[in-house]
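Q: Below: sequence and its predicted model.
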Amino acid sequence: MRAPTDRPRRGLDGHPPTRPQGGPAVLRDASTRVGGSNGGGGGPSRLMLGLSVALASSAAAAIARRVVHGPMRSTPPVPARLPHKLTFGKVEGENRGEAPMDPPRTATDDLYWLRDDSRTDKKVIAHLKAENAYTNYVTRDQRGLRKRIYNEMLSHVQQTDSTAPAKQGGYLYFSRTVEGRPYEFYCRRRIVGLDVDGTVAGVTVPDDGRVTWADDQLGEEEVFLDTNVLAKGAKHFDVRSAQPSPDHAYVAYTVDVTGGETYELRVRHIATGVERAVDTIKETSGSFAWGLDSGTIFYGSLDEAHRQHKVWRRTFAPRDAMASAASTAASEAVDECLWTEDDEVFSAFLSKSLSQRFLFFGSGSSETSEVHFLDLKADAAARATNMPPPSSVLVEPRRKGTLYDVTHAGGETLLVVTNAGGATNFKLQATTVAAPSAASWVDVLPYDPAVKVDSVECFERFAVLLLRTGGFTRLCVMDVFEVDGGATRVLDAVGRKVLDFDEEAYVVSSAFDSEFRSRTFHFGYSSMTTPQQTWAYDGTTHERTLLKEKPVPAYQRDLYRTERWEATAEDGTTIPMSTVFRADLRAAEGVPQAVHLYGYGSYEISIDPSFSSTLLPLLDRGVVFVVAHVRGGGEMGRTWYESAKFGTKALTFTDFITCGRALVARGVTTPSQLTIEGRSAGGLLVGAVLNMAPDLFNGAIAGVPFVDVLTTMADASIPLTTGEWEEWGNPNVAADYDTIKAYSPVDNVKSGVAYPAVLFTAGLHDPRVGYWEAAKMAALLRAATTRDAQEAPIIFKCDLTSGHFSASDRYRYWRERSFELAWLLARHGIHK
């Protein structure tokens, strides 16, 4: 099992934008470990894929030359002011939370009309196009710089590349990209001598720890999903997850074609490339897991507020043995609802254990979770004999403030990561399948307030814990022993091994792309100067093997340095900062230079010190890049997060200002040389500090910014709002109303203030943060600022074909990012 909820509404995009193409292997999911139509067929052969490289190279050049400027206008659009009454508190017939204000408070929002839930209103679209036209005009002199940056980005990307392969059954699965092609190829190769299930004639082959295979030990490459073909004609095409069926005959994948994050689940027969319409499931959350065979799949569905609220079992219509995928099937699929979450503060979730025995599902909120499990093997056995299937089992009823996550350790043992009993930074406990409740939980790793236990993944021979201490991630490996004939599994916490690395500041990922019986697992590693690496770790010998480092052409690693800096908040708290810069372009001590400061600080999401090739155009022009690890994030553990939410949320913003002022006080930079950036909830951070310290910065990028907090959080009809009352508070309640209103950026714009230049970006189809929030903030700042529009322009760029995570096409994404970096460099007076 993974996180108790799906992707947070305004989270997981806090890092400086680098849109990855796939994960370490083919099983990709944008939220957890694992994330189409007839057009793709079975995909090109290996020979065809090789031939396509030569053809695609010229296409890449054409893409690089394609610069779309669009229409221009020399003046900003001024939206009409149409008064609209807002109500905070009790409204009959609406969900306004517990104890809403009665009588309610009211306010007037004369820009409310910019919100169009259908995304089709002609007046609204015209306004957004006018904003884009004004942005084109203001940035017209940056076109040449944009083109240079875009070409530099391409120069640092090995456009034809592949991920480290991962063994699944009798195959190695991986994904690859090809120069000139915007999307991925999902591929596999058969391991010679093994059946599709990884056995030899049904006999399990002992694992010898092998992590690489020679070419002659593998069959021909098979491309089973070519998303370039599938995406043809689509303006947006995002595959969240692609997973082969247990018998490796099918692949199920979820795809979003609007950017609105409503996914269609499709099932493709790999040998023929055919997808039956009867197998397709529309309007899902994107989360799914195969059952024990290719006839069953579990998935989540959304309510009208875009909240995952149900978990389903789909039993597919029978497939003919010879024409399995081509058959239209006279019978229909059967959908059975396993779980419904009616409380709008909670979201449903599902996942399958690595052991393949259990399906975990239930509900979670920011502060509370509840987990159930279904024994898939017992369920399948009962159904095969027409016996009543077993009921699901509740681990522990939800209790306000208690979070717990469950995984299977093998045998009859379950592992629990929980904050129960005052363990704010979580601890690891064990229980049994027969008696899983909290009364039976026993410590495996006793609580240590200095160590955050993020997650655990258990294999047959060992368990892997992802920890966080001192602001950095750590991997810990524990041996697993069998007792009672294998029914009980015991973890050796005393003999645990924490992996060490040479660099002082880095980030590691938890175990992925491995099978339960494997003696090795994969993990990821990166630092601000080390590109993403995929390693294999042998849990028996404790040896590590570097499987792949993501190639970064034209990158000379020894030119760059990363350091950890600190600032001290007014309450004495030390706020860490991660920095990276070109050592040969670093100014002498006390001599200020251009600095770009990035922040997030919400949802317990950590902005860890990882590598981003899209930063190189800044670093190579002498800009120092700094990440402020402000409170509200998770860098220093759960306590760091909880110290800046609800009534203390303002600490996130003051911490960021503290970091900016510390950089100025130490002579690293000056306000005229300091720019800032944040996305989503980080855009809220940017909006808040613009109001609190407008003279500290020369320019700001607010990407998909959550800036209209008061209005959005009061309206339960806006997607996912109710689930975030435990994150920000509910402004329908008096105390929360006052707290949120004090920092909500839209509500704190002050007339007569000299605001710096700002670039707002948004996606029309964004379900997490409405595009209208950026549109309103841009209009309000323009009306309020005392600075000349040529000196400090405030511009808004709205992508009319994407959502929260920008373009799905990797080339288009790089063009979007080159636009932002060119604007930043121009604020620093750098035009080459």
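A: Great, that's in hand.

Q: which intervals of the stretch 201-350 of the chain have sub-threshold pLDDT?
A: 320-331 (pLDDT under 70).

Q: Now with 50, please.
A: 321-327, 329-330 (pLDDT under 50).

Q: And the strands in it?
A: Secondary structure of the stretch 201-350 of the chain (DSSP state E, counting those that start in this stretch): strands at 222-226, 238-244, 250-256, 263-269, 281-290, 296-302, 308-315, 334-340, 347-352.

Q: what comes up buried for the longest one?
A: When burial is assessed from 16 or more other C-beta atoms under 10 Å, strand 281-290 yields the following buried residues: 281, 284-290. (C-beta placed from N, C-alpha, C; glycine too.)

Q: so how far is T801 from E283?
A: As judged by C-beta to C-beta, to the nearest Å, E283 and T801 stand 20 Å apart.

Q: typo on my end, W441
A: Distance of W441 to T801, computed by C-beta to C-beta: 49 Å.

Q: cool, and Y811?
A: Counting by C-beta to C-beta - Y811 and T801 are separated by 14 Å.

Q: what do you get for R188?
A: As judged by C-beta to C-beta, R188 and T801 stand 32 Å apart.

Q: Between these two, which has more neighbouring residues?
A: Neighbour count, other C-beta atoms under 10 Å: between R188 and T801, R188 has more, with 28 against 16.

Q: elements contacting whichever strand or helix holds that one?
A: R188 belongs to strand 185-190 when elements are defined using DSSP states H and E. With contacts defined as 3 or more C-beta pairs under 8 Å, 6 or more residues apart in numbering; DSSP states H and E, strand 185-190 has these neighbours: strand 171-177, strand 222-226, helix 227-230.

Q: Figure out which of the ones you listed is closest to H408.
A: Closest of the helices and strands packed on strand 185-190 to H408 is strand 171-177, at 22.4 Å (criterion: C-beta to C-beta).

Q: Just checking: what are the partner strands of the closest one?
A: strand 161-162 (antiparallel), strand 166-168 (antiparallel), strand 185-190 (antiparallel) (DSSP bridges).

Q: would you list the ones you listed in JSON lines and tack on mean pLDDT and distance to K645?
A: Shown next, in JSON lines, are the strands paired with strand 171-177 (pLDDT from 0 to 100; distance: least, C-beta to C-beta, whole Å):
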{"stretch": "strand 161-162", "mean pLDDT": "98", "distance to K645": "40"}
{"stretch": "strand 166-168", "mean pLDDT": "96", "distance to K645": "37"}
{"stretch": "strand 185-190", "mean pLDDT": "98", "distance to K645": "39"}
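
Q: Would you mind listing where the stretch 1-150 of the chain has pLDDT under the threshold?
A: Along the stretch 1-150 of the chain, segments meeting pLDDT under 50 span 1-68.

Q: can you give me the helices in it?
A: 46-65, 122-138, 143-155 (DSSP state H, counting those that start in this stretch).

Q: now swap in the chain and tell me
A: 46-65, 122-138, 143-155, 227-230, 376-384, 616-619, 638-642, 650-665, 681-692, 709-714, 725-728, 734-741, 771-784, 810-827 (DSSP state H).

Q: hang on, the earlier thing: now tabulate the strands of the stretch 201-350 of the chain in CSV and tack on distance to A700.
A: Formatted as CSV, these follow (distance: least, C-beta to C-beta, whole Å):
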stretch, distance to A700
strand 222-226, 40
strand 238-244, 28
strand 250-256, 29
strand 263-269, 33
strand 281-290, 32
strand 296-302, 33
strand 308-315, 33
strand 334-340, 43
strand 347-352, 32
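
Q: Specify the stretch among the ones you listed that is closest to R815.
A: Using C-beta to C-beta, the strands of the stretch 201-350 of the chain put strand 238-244 closest to R815, at 17.1 Å.

Q: Pull the closest one out as CSV, backbone CA atoms only.
A: Below are the C-alpha coordinates for strand 238-244, written out as CSV (Å, rounded to 0.1, in the frame of the first residue of the first chain):
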residue,chain,number,x,y,z
ASP,A,238,-1.1,12.0,-20.2
VAL,A,239,-0.7,8.3,-19.4
ARG,A,240,-0.7,8.2,-15.6
SER,A,241,-0.2,4.5,-15.2
ALA,A,242,0.5,1.4,-17.4
GLN,A,243,0.6,-2.0,-15.9
PRO,A,244,0.9,-5.5,-17.5
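
Q: And it, what does it pack against?
A: On a contact count with 3+ C-beta pairs under 8 Å, 6+ apart, strand 238-244 meets strand 222-226, strand 250-256, strand 281-290.

Q: Look up how far V444 lies from T574.
A: For T574 relative to V444 (C-beta to C-beta), the value is 31 Å.

Q: So which of these two has more stuff around it?
A: Set T574 next to V444 and count neighbours by other C-beta under 10 Å: V444 wins out with 24 against 11.

Q: I'd like the helices and strands packed on strand 185-190 laid out as TSV, including distance to R81.
A: Shown next, in TSV, are these (distance: least, C-beta to C-beta, whole Å):
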stretch	distance to R81
strand 171-177	48
strand 222-226	50
helix 227-230	45
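
Q: Between the ones you listed, which one is closest to T431.
A: Of all these, it is strand 171-177 that lies closest to T431, at 32.9 Å by C-beta to C-beta.

Q: Give me the angle between that closest one and strand 222-226.
A: Between strand 171-177 and strand 222-226, the angle comes out at 50 degrees (axes from the mean of the first three to the mean of the last three C-alpha atoms, to 10 degrees).

Q: can I have strand 171-177 written out in CSV, keeping just the CAs?
A: These are the backbone C-alpha positions of strand 171-177, laid out as CSV (Å, rounded to 0.1, in the frame of the first residue of the first chain):
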residue,chain,number,x,y,z
TYR,A,171,10.1,-10.2,-18.9
LEU,A,172,12.2,-7.0,-18.5
TYR,A,173,10.0,-4.0,-18.7
PHE,A,174,11.2,-0.5,-19.5
SER,A,175,10.2,2.7,-21.4
ARG,A,176,12.1,4.6,-24.0
THR,A,177,12.0,8.0,-25.8
